[in-house]
Every structure is written in C-alpha cells, then in structure tokens.
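Visitor: coords please:
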Amino acid sequence: MFSRYLESAQHVYAHIYANMHTSYSSHLTMDEIQQLLSTYGPQLDLAYHLLLYAPFIASPFKHFFTTKRAKAAGTPYPPLLGHIVCSLVEVARFQYRQLTAWSRTTLIPTELDLALCIINLVCTFGIARRAPRGDARFMRPLFQAMALIRFIATAAGYASADPTWYHASVKSLNGFVWSRVLIDFFFAEKIFGEGYSVAYTAGMFFGLSLSTMEGRYPFSGLLGVPVMLGIMLGLMLFERSMSERITPKYVPGLLLGLDDTSG
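Guide: Numbers count the residues shown, from 1 in each chain. Modelled structure (predicted):
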C-alpha cells in the first residue's frame, strides 16, 4: 500500500513541478487544482491523515503496553484499548480501500466496517461510564452522542450503499485528534480560565463538532452539530429519567453511562 502511495505521490509532485515551471509567470489555475485533487485525492487524503495522526499516535500506543496511564486517568483500560484499536483499524481500512478502489462510488461500508463500528460504540460507552475528565454531566452524553452518530452514519451507508455516509463516519474519528489540539490550546492560552477541566470539556466539544463538519455529516456538514446536540439532550433526559427509576448499579455499565456509584 505504501509503495503505491509513494509512487503516486511522486506523480503528484512531478505534476505540480511541471505546472509551476512551464513558465516563470504561470500559476496553477483553479481547474488544474480541481483536476489534481480529483486525480490524486486518495493519496493526498492519506498524506493528510498521516500528518494529522503522527504527533498523537505514539501517546495512544503507550496504553497498549501498560494500564498505569489509564488507571491514573481513571479510565477503564479494556474499553479504552478497544476504542483505540478499532478507531485506528477503521481509519487505516478506509484509507487502504480508498487507494485501491476503482471508483469512490464503490467505497461503501461492509459487514466488517459495521462490526468495527459497533464494537467501537460499545467501547466508547464503556469509557463514558466513568468520564473522569471534564464535566461528567456533559462529557458522558457527548461521548455517547458521537458514538451514536458514527453508528447511524455507518448503518445508513451500509443499508443504502451510499459512500457519503461511510466518509462521514470515518472522518468523525478525526474529532478525537482535533480535540486534543484544542484542549492543549485552550489550557495553554487560558481561554476558559485556569482550570484544565473546563479546557478539556470545551476542547472535546469543539473538536468533535469540527469533525462532523469535516466529514460533511449530514447535508454537507450543516446538520452535524445540531444532530449531535439533539442526541446529547435526548441522552441527558433519558439518563435522568432512568436514574429516578433504577439504581445505577443494576444498570448494565456498557448500556448506559450512568454514574458508577458502586465504585
């Protein structure tokens, strides 16, 4: 896969170089840029994701070898590991399929993609059960809403054979990278004050919101954030209703993100 990518990248650079040096006064026209993106879109998208994930890939991999960091953060290790593995596999699988697909119209989720998304959904709900960082009342439904948004997009893409939904589902995973960039920025610049908890909550919200727009989920990204907020509100109301009727320790931990008061 990477040899094919490198070979294609050489063609991209050669094309740009040829256009730039045809004449000292010439420039790439908009039509040429659009043709370049259309021809080498998968290769450029892969390069973009490699650059995006490179600074952060080392940190998640630390969780593969030790549970100390997860325990220190108060995060349950098994669902965290499952979430990281599934997310990386989903992104890598999408990129590989995008590079090898005859046409982007054939790039639709399969049974394997749907299964990975469901496993990721369960793991995310497991992580959200504790929600050790940020405002738990807000972070828990936020995590759950993003997991449900991804499941809806993957299921819709699988049922309708629509590549647009598949693209939206995988791109939404970038939100966890954007969130960490924004968390560090908000905390370093004290945008929301001195506390890390507020910076974490704001960074996660804006980062995940950005990913829905990047994935154009749905209707070119116009309804991504409203849908996410709507699901969050529904989850909050559902949790409040359930907490009044059922003691949290009797509710399956991976089904609901209720406070784990049982310790």
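
Visitor: Return, as residue ranges, the portions of the stretch 51-200 of the chain with sub-threshold pLDDT.
Guide: For the stretch 51-200 of the chain, the stretches with pLDDT under 70 are 56-74, 102-105, 131-132.

Visitor: Phi and psi next, for the residue nearest the centre of the chain.
Guide: Nearest to the geometric centre of the chain sits residue 173, at 1.1 Å (C-alpha atoms, centre = their mean). When read as degrees, to the nearest 10, the backbone of residue 173 gives phi -70, psi -20.

Visitor: Setting aside sequence neighbours, what's the nearest residue to it?
Guide: residue 87 (5.2 Å; C-beta to C-beta, 6 or more residues apart in numbering). In short, each C-beta sits where N, CA and C put it, glycine included.

Visitor: Tell me the helices and strands packed up against the helix or strand hosting the one you found.
Guide: Per DSSP states H and E: residue 87 is located in helix 77-100. The contact analysis (3 or more C-beta pairs under 8 Å, 6 or more residues apart in numbering; DSSP states H and E) places helix 77-100 against helix 2-20, helix 30-65, helix 68-73, helix 111-128, helix 163-171.

Visitor: circling back: do I have it right that the residue nearest to the centre of the chain meets residue 214?
Guide: No. Taking C-beta atoms under 8 Å as the definition, residue 173 is not a contact partner of residue 214, at 10.3 Å.

Visitor: Could you check how many residues crowd around residue 126?
Guide: Neighbour count for residue 126, taken as other C-beta atoms under 10 Å: 21.

Visitor: For it, which non-adjacent residue is closest in space?
Guide: residue 79 (3.1 Å).

Visitor: Quick one: residues contacting that neighbour.
Guide: Contacts here follow C-beta atoms under 8 Å, 6 or more residues apart in numbering; on that basis residue 79 touches 122, 123, 124, 125, 126, 127, 254.

Visitor: Look up how far residue 142 lies from residue 31.
Guide: Here the distance between residue 31 and residue 142 works out to 42 Å (C-beta to C-beta, to the nearest Å).

Visitor: meant to ask about residue 181
Guide: Counting by C-beta to C-beta, the gap from residue 181 to residue 142 is 17 Å.
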